[in-house]
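*Asks:* got a sequence here, can you build the structure:
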Amino acid sequence: MTEPSDDAIHNSPSEPAGREEPEKAPIRDLLVSAAFELFTEHGYDGTTIDDIVRRAGVGRRSFFRYFPTKEEVVFPDHERALAEMVGYLEEGAQDPDPVGRACGAARLVMRMYAENAEFSVKRYALTRKVAALKAHETSVVRRYERALASYLRRRFATLQDGDLRAYTVAASVVAAHNYGLRAWLSSGAGSDANIVVDQALDLVHRTWGNTAETMIVVARTDTPVWQIVQQLEGIQSSTTGY
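*Replies:* Alright, predicted model coming up:
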């Protein structure tokens, strides 16, 4: 037997010719909705891909067209969010505030969660209970962190501690975002999603936003102030070339 096509499944021959059909949800959305219904009814481990496609009313091949694994159906929006983040960072290649740009990229991801708060809360509850999903989520978070670190390495390339700073700031941005996100999700997403995340990211920005190097000058206590200022100006000129 051959598998019926999605068009055959979704377009019943009993529909009268010329009658306008209501717009159907995209197959991707049908699969996600069906999956979470079944996860609620039978648990994640008790649900198979065959169960999902049967509930969604589509062919089995359609599942793998959109999701390579069952874990992926739980995180259907992360590929889009990651692509948006990378694009946003690339647009900020000359941004005078790279740390601020990195924080802005994290806010894009937060917006993705807030767009569908009910779904985000369900996913959070499911992920906390299923070890395989927790591991998959961790791998997704690492991809976000690598994207941030890659951008910051390029921006901090002229600094002596550029690589160290890039990876530290990237990890700090992700940690701040996740702290705020989990606080929002654990509260049932009943408050403004941005409040706690903004507070956490603002702390990261205040801590790492200034990339200027610290200058220490040793002088005798009886050294005139004008000589200290002159010495500082000479050091600055030698480092900037002006």
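
*Asks:* give me the low-pLDDT residue ranges for this protein?
*Replies:* For the chain, applying pLDDT under 70 flags the ranges 1-25, 211-217, 219, 225-229, 232-242.

*Asks:* all helices for it, in order.
*Replies:* Assigned by DSSP state H, the helices in the chain fall at 6-10, 27-42, 49-56, 60-66, 78-91, 98-115, 117-129, 131-155, 162-186, 193-208, 225-240.

*Asks:* buried residues in the fourth one?
*Replies:* Buried residues in helix 60-66, counted by 16 or more other CB atoms under 10 Å: 62-63, 66. (C-beta placed from N, C-alpha, C; glycine too.)

*Asks:* neighbouring contacts of stretch 127-137?
*Replies:* 44-45, 71-72, 74-75, 126 (CB atoms under 8 Å, 6 or more residues apart in numbering).

*Asks:* again, but for stretch 33-49
*Replies:* Under CB under 8 Å, 6+ apart, the answer for stretch 33-49 is 25, 51-53, 55-56, 60, 63, 70, 73-74, 119, 122, 126, 129-130, 132-133.

*Asks:* then stretch 149-164?
*Replies:* For stretch 149-164, the external contacting residues (CB under 8 Å, 6+ apart) are 89-90, 92-93, 95, 98-99, 101-102, 105, 165-167, 169-171, 211, 213.

*Asks:* that older thread, can I get the buried part of the contacts of stretch 127-137 as one PyMOL selection?
*Replies:* In PyMOL syntax, the buried subset of the contacts of stretch 127-137 is picked out as below (16+ other CB under 10 Å):
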select buried, resi 44+71+72+74+75+126
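
*Asks:* of the contacts of stretch 127-137, closest to Arg111?
*Replies:* Distances from Arg111 to those, taken as CB to CB, are shortest for Phe75 (15.9 Å).

*Asks:* now do the residue lying closest to that closest one once chain neighbours are set aside: how many residues are near it, please.
*Replies:* Spatially, and ignoring its direct neighbours in sequence, Phe75 is nearest to Val140 (6.1 Å; CB to CB, 6 or more residues apart in numbering). Val140 has 16 neighbours, counted by other CB atoms under 10 Å.

*Asks:* Val140 is in contact with His78, isn't it?
*Replies:* Yes. Between Val140 and His78 there is a contact at 5.2 Å, judged by CB atoms under 8 Å.

*Asks:* now do Ser120 against Val140, distance only.
*Replies:* Going from Ser120 to Val140 by CB to CB, to the nearest Å gives 14 Å.
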